[in-house]
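A.B. asks: Whatever this is, show me its structure:
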Amino acid sequence: MAQARVLLLLSGRPEPAGFARSVCGRLGLGAGPGPWQVYCGLQPGRLLLSDSSLPGAAAQLPLQRPPFCPFSALEQQPPGASLPQQPPDRGVDLAVAVILQSRDQTVLLTRRASSMHTAPNLWVPPGGHVELDEELLDAGLRELREETGLQLPQGQYSWLPLGLWESAYPPMLSQGHPRHHHIVLYVLVTSQETEKQLQERVQPNQEEVSAYVWLKPHVLAAVAASEEGPDAPEPLPANLPPCVQIVELQGDMTQNLDLPTSTLLRKSLSTREDEERVSTGTKFALGLWLQHLKRSPKNPTPPSSLQGPRKGSRLAKQNF
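C.D. replies: The predicted structure follows:
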């Protein structure tokens, strides 16, 4: 049996999160999408979640799932309904995604290549699986480097965990039974370099990335507010540009193109599975980033205590 990557603290004991059940549901957090505040502890390559205080946990983070979460929908199926068969020892995978903020407060998003087997054409931050025994920050920075070519100079950035997202693919039952189940940890990495300085070093991996874009807070606020949910979204700003300039990969060449801003505001429930849009989890993470931005000073100080990656730098050290 493969080592469990996501564990849940239930009745005082850590148990593997099974593939076929919603993590939020198993924690007993509620019937809706959330978000809920959960305690988390992390060892390299493993995440422990609890709805109550966790000894030694250094982080309490919001956890959310989409309102159309297929695992939640499957749990509400009537008795006797046909359910997908999954190996009993299959667990939930762990991933990390990096919200990279430049010194001038722009954020990098990438468009997944159309040839990707999962989530093609989605706009997302750089990210991917956490390897076995890999530290949280190491995983995020590795994925950033592999997908964009960006390697951040040591000591020139700070970081903090933003929140957790329960992800499935396909993302809703109308597109088929889920084949993938992840908990995605979104991490904010704040660079001391400007967008221009970072842009000069971007070398995307065209096997994974077909385009990328740097977006400003007022555009990202509109993107974050555009997703379906239990509450009505905030009115969209009237000063949004009709287009944003993206860099698109064409073989070994790149070119600047205008992408209609409306493409980034498309909603999951009104698009096809492979249609270009911003992922629901990304919108959740951008909302958390905007909240952090409002609380942060306008002139952030250089990184001090969080200059990682460092051996042994973890959210919490747990023996589980």
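
A.B. asks: which residues of the protein score low on pLDDT?
C.D. replies: 1-2, 56-58, 79-87, 228-237, 297-320 (pLDDT under 70).

A.B. asks: So which residues of it form helices?
C.D. replies: Remark: helices assigned in the chain by DSSP state H are 23-26, 70-75, 136-148, 195-199, 217-224, 261-264, 280-295.

A.B. asks: of those, which approaches residue 119 most closely?
C.D. replies: Each of those has some distance to residue 119 by C-beta to C-beta; the shortest is helix 280-295, at 10.0 Å. Every residue, glycine included, has its C-beta placed from N, CA and C.

A.B. asks: So which bits of that closest one are buried?
C.D. replies: Residues of helix 280-295 classed as buried by neighbour count (16 or more other C-beta atoms under 10 Å): 280-290, 293.

A.B. asks: likewise stretch 242-261?
C.D. replies: 244, 246-249, 254, 259, 261.

A.B. asks: The stretch 1-150 of the chain: strands as residue ranges?
C.D. replies: Counting by DSSP state E, counting those that start in this stretch, the stretch 1-150 of the chain has strands at residues 6-10, 13-16, 36-43, 46-50, 59-64, 93-101, 107-112, 122-124, 127-129.

A.B. asks: so what does the third one touch, helix or strand wise?
C.D. replies: Right, strand 36-43. strand 46-50, strand 59-64 (3 or more C-beta pairs under 8 Å, 6 or more residues apart in numbering; DSSP states H and E).

A.B. asks: cool, and the second one?
C.D. replies: With contacts defined as 3+ C-beta pairs under 8 Å, 6+ apart, the secondary structure elements packing on strand 13-16 are strand 6-10.

A.B. asks: Any chance you could list what contacts the strand it packs on?
C.D. replies: Here strand 6-10 makes contact (C-beta atoms under 8 Å, 6 or more residues apart in numbering) with 14-17, 23, 26-27, 46-50, 52, 54, 91-94, 183, 320.

A.B. asks: In ChimeraX, how would I select just the buried ones from the residues you listed?
C.D. replies: A single ChimeraX command selects the buried members of the contacts of strand 6-10 (16+ other C-beta under 10 Å):
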select :14,16,17,23,26,27,46,47,48,49,50,54,91,92,93,94,183
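
A.B. asks: Can you tell me how far residue 41 is from residue 291?
C.D. replies: Distance of residue 41 to residue 291, given as C-beta to C-beta, to the nearest Å: 23 Å.

A.B. asks: What of residue 157?
C.D. replies: Taking C-beta to C-beta, one finds residue 157 at 20 Å from residue 291.

A.B. asks: Then residue 145?
C.D. replies: In terms of C-beta to C-beta, residue 145 sits 28 Å off from residue 291.

A.B. asks: try residue 153
C.D. replies: With distances taken as C-beta to C-beta, residue 153 is found 28 Å from residue 291.

A.B. asks: go on, residue 182?
C.D. replies: For residue 182, the distance to residue 291 equals 23 Å [C-beta to C-beta].

A.B. asks: And residue 162, by the same measure?
C.D. replies: Taken as C-beta to C-beta, the span from residue 162 to residue 291 is 9 Å.

A.B. asks: Also residue 217?
C.D. replies: Note on residue 217: its distance to residue 291, by C-beta to C-beta, is 12 Å.
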